[in-house]
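**Student:** prediction below, plus the sequence it came from.
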Amino acid sequence: MPAPEVLRDKGFRDLVKLGTGGGTELRPAAEHVLEKIHAHSPAGSATVVLITDGQVGNERDLLTRFRRESGLAVHTFGIDTAVNDAFLKALARQQNGGCWLQTPDDDIAGTVAGLADRLRRPVITQLEIRGAWQPAVSRLPALHATETLEISLRLPAGEDSAIEVAGLLGSGSPHGFPLHLLPSDNAALPLLWARERIAALLADDRSSEAIALAKTHNILCEGAAFIAWDEAEKVEVAQREIYQPSQAPYAAGLCAPPATGVPSPAMGTRSVLKEMMPLPRAVSSAGIKTQRLSPSTPSEPKLKDATSGKARDTIGELLAAAGVERKFAALLELWADGKWLKRAARHRALKELLSRLTSPDATRETCIQMCREFIDKHVTGEPVIYPELLKHLAEWEATAHA
């Protein structure tokens, strides 16, 4: 689609209003793109550039779907500090494309422009190896200007070592050229071929062949594992017990059964998790004991102050003490604790809100207004918890005006 037409599209201009949140679901977008390719380029070559900033899910399903498009080249861009790089590399390798991983501070536009310039200048396409040599991959990528192409080959014992590379030039005419090989006793070369061959077999769902090859070359791969132990050295098994805390899932209270509801002032925010996740267990090096910590016990531990050692209130309890409706405060605490990488920033924002709520001139009306402005600014992009906050804010406002 031409760029001016894209920029005139109202749906494209409204993308910024959707906000962010949740996972990255690529399957519907991939199906849409593949449908357009089949409609407009049924016989010609096509290239897909995938740009994402998220943790892509259902990886195997996407790899299987693209595998059916044997002639489609896919180049992947991961732009963030925590993208699913393993999937992006696997997809690019499977579809004979390239993979670029960058942060928002990098020259992303320059990298994309460099890829466009590269794709405009293919030197040789439809590469094939003639002779007895066996490539590690079933399909070779195209060779572009200024590129160096590395191909792993294996020569069966007793076969002729003559080798020729053939393909199509940019004009479409066939071209072949012989290669002159230099002997080497580098022990890593067979392992390099085996590793690439194993990856290709796994991508083709030929796991039994991949595992057999991995065992032959002592290479770790999906479905194969190696265990080493020392029978001479004996060590004493530790007996000290430790407690391994479990991280609370994001917005778990909203996923609870209707009978559980939103946490009440007496419950606190931890008790609402008991229906959705395993409770902490007493763990030792000898295994997991059956002892459980009761979620309803009144002695459930609170956070402790680092200097005095005394229990201190959670941010939700502090907001409730400052006049915020308790259900609303509990939801804000769940939102703040939901995403590990954003937890510190969200708690700082709530502490700033708490400081404004506890000012001497704060009233109930101004408290409600400040909370409304806070969620509109910080929580709008959360598709699950934002509507719940709006609902409880409306109930709180109705109660205040009653």
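**Tutor:** Right, received. Where do you want to start?

**Student:** and the helix or strand containing Lys391, what does it pack against?
**Tutor:** Secondary structure from DSSP states H and E places Lys391 in helix 385-401. Where contact means 3 or more Cβ pairs under 8 Å, 6 or more residues apart in numbering; DSSP states H and E, helix 385-401 is packed against helix 326-338, helix 364-378. Yep, even glycine has a C-beta here, placed from its N, CA and C like the rest.

**Student:** per-residue confidence averaged over the first one?
**Tutor:** Going back to what we said before, that points to helix 326-338. When pLDDT is averaged over helix 326-338, the result is 89.

**Student:** now do the next helix-or-strand element following that helix: distance to the chain's middle.
**Tutor:** Sequence order places helix 343-357 as the next helix or strand after helix 326-338, per DSSP H and E. Chain-centre distance of helix 343-357: 28 Å, with Cα atoms, centre = their mean, to the nearest Å.

**Student:** which of the helices and strands packed on helix 385-401 sits most buried?
**Tutor:** Mean neighbour count (mean count of other Cβ atoms under 10 Å) peaks for helix 326-338 among those, with a mean of 24.

**Student:** contact partners of the helix holding Lys391?
**Tutor:** 251, 254, 262, 325, 327-328, 331-332, 334-335, 338, 364-365, 368, 371-372, 375, 379-380 (Cβ atoms under 8 Å, 6 or more residues apart in numbering).

**Student:** now that helix: mean pLDDT?
**Tutor:** 87.

**Student:** which residue sits closest to Arg343, ignoring its sequence neighbours?
**Tutor:** Leaving out its chain neighbours, the residue that sits closest to Arg343 by Cβ to Cβ, 6 or more residues apart in numbering is Asp337, at 6.1 Å.

**Student:** burial of Thr125, as a residue count?
**Tutor:** 17 (other Cβ atoms under 10 Å).

**Student:** tell me which residues in whatever helix or strand it lives in are buried?
**Tutor:** In the assignment (DSSP H and E), Thr125 maps to strand 122-131. Neighbour counts over strand 122-131 (16 or more other Cβ atoms under 10 Å) mark Pro122, Ile124, Thr125, Leu127, Ile129, Gly131 as buried.

**Student:** pretty sure Val165 is in a helix, no?
**Tutor:** No - assessed with DSSP: H, G, I helix; E, B strand; the rest coil, Val165 is strand; it does not lie in a helix.

**Student:** count of neighbours near it?
**Tutor:** Val165: 20 surrounding residues under other Cβ under 10 Å.

**Student:** from Ile124, how far out is it?
**Tutor:** For Val165, the distance to Ile124 equals 8 Å [Cβ to Cβ, to the nearest Å].

**Student:** same question for Phe328.
**Tutor:** 64 Å.

**Student:** burial measure for Trp193, as a count.
**Tutor:** 19.

**Student:** looking at this, it is in a strand?
**Tutor:** No - counting by three-state DSSP, Trp193 is not found in a strand; it is helix.

**Student:** what's the host helix or strand of Ala212 packed up against?
**Tutor:** Ala212 belongs to helix 207-217 when assigned by DSSP H and E. On a contact count with 3+ Cβ pairs under 8 Å, 6+ apart, helix 207-217 meets helix 188-203.

**Student:** pLDDT value on Lys351, please?
**Tutor:** pLDDT, read off for Lys351, is 91.

**Student:** with adjacent residues omitted, what lies nearest to it?
**Tutor:** Per Cβ to Cβ, 6+ apart, closest to Lys351 is Ile315, 7.3 Å.

**Student:** thought His347 was touching that neighbour, still the case?
**Tutor:** Yes - shown here, Ile315 and His347 form a contact pair, counting by Cβ atoms under 8 Å, at 6.2 Å.

**Student:** of those two, who's got more company?
**Tutor:** Ile315 (20 against 14).

**Student:** who's in contact with that one?
**Tutor:** Leu332, Glu333, Ala336, His347, Leu350, Lys351, Leu354.

**Student:** so how far is His347 from the second one?
**Tutor:** This points to Glu333. Counting by Cβ to Cβ, the gap from Glu333 to His347 is 9 Å.

**Student:** low-confidence bits of the stretch 51-200 of the chain, can you list those?
**Tutor:** 54, 57 (pLDDT under 70).

**Student:** how about the helices in it?
**Tutor:** 59-67, 85-94, 108-119, 188-203 (DSSP state H, counting those that start in this stretch).

**Student:** what's the angle between the second one and helix 188-203?
**Tutor:** In this case it means helix 85-94. Put simply, helix 85-94 runs at 100 degrees to helix 188-203, going by axes from the mean of the first three to the mean of the last three Cα atoms, to 10 degrees.

**Student:** which residues does helix 85-94 contact?
**Tutor:** With Cβ under 8 Å, 6+ apart, helix 85-94 has contacts from 50, 52, 56, 59, 62-63, 66-67, 74-78, 97-99, 101, 199, 203.

**Student:** report the buried residues of that helix.
**Tutor:** Residues of helix 85-94 classed as buried: Phe87, Leu88, Lys89, Ala90, Leu91, Ala92, Arg93, Gln94 (neighbour count, 16+ other Cβ under 10 Å).

**Student:** mind giving me the domain ranges of this protein?
**Tutor:** Per automatic domain parsing, the domain ranges recorded for the chain read 3-119, 125-217, 242-401.

**Student:** could those domains be laid out in CSV, adding distance to Ala224?
**Tutor:** Shown next, in CSV, are these (distance: least, Cβ to Cβ, whole Å):
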stretch, distance to Ala224
domain 3-119, 17
domain 125-217, 4
domain 242-401, 26
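
**Student:** the ones you listed: which one's closest to Gly223?
**Tutor:** For Gly223, the closest of the domains of the chain is domain 125-217, at 5.0 Å, according to Cβ to Cβ.

**Student:** gap between the two ends of that closest one?
**Tutor:** 32 Å (Cα to Cα, to the nearest Å).

**Student:** let's number from 35 now, not from 1
**Tutor:** Renumbered: residue one is now 35, and that last one reads domain 159-251.

**Student:** mind checking how far it is from the chain centre?
**Tutor:** 31 Å.
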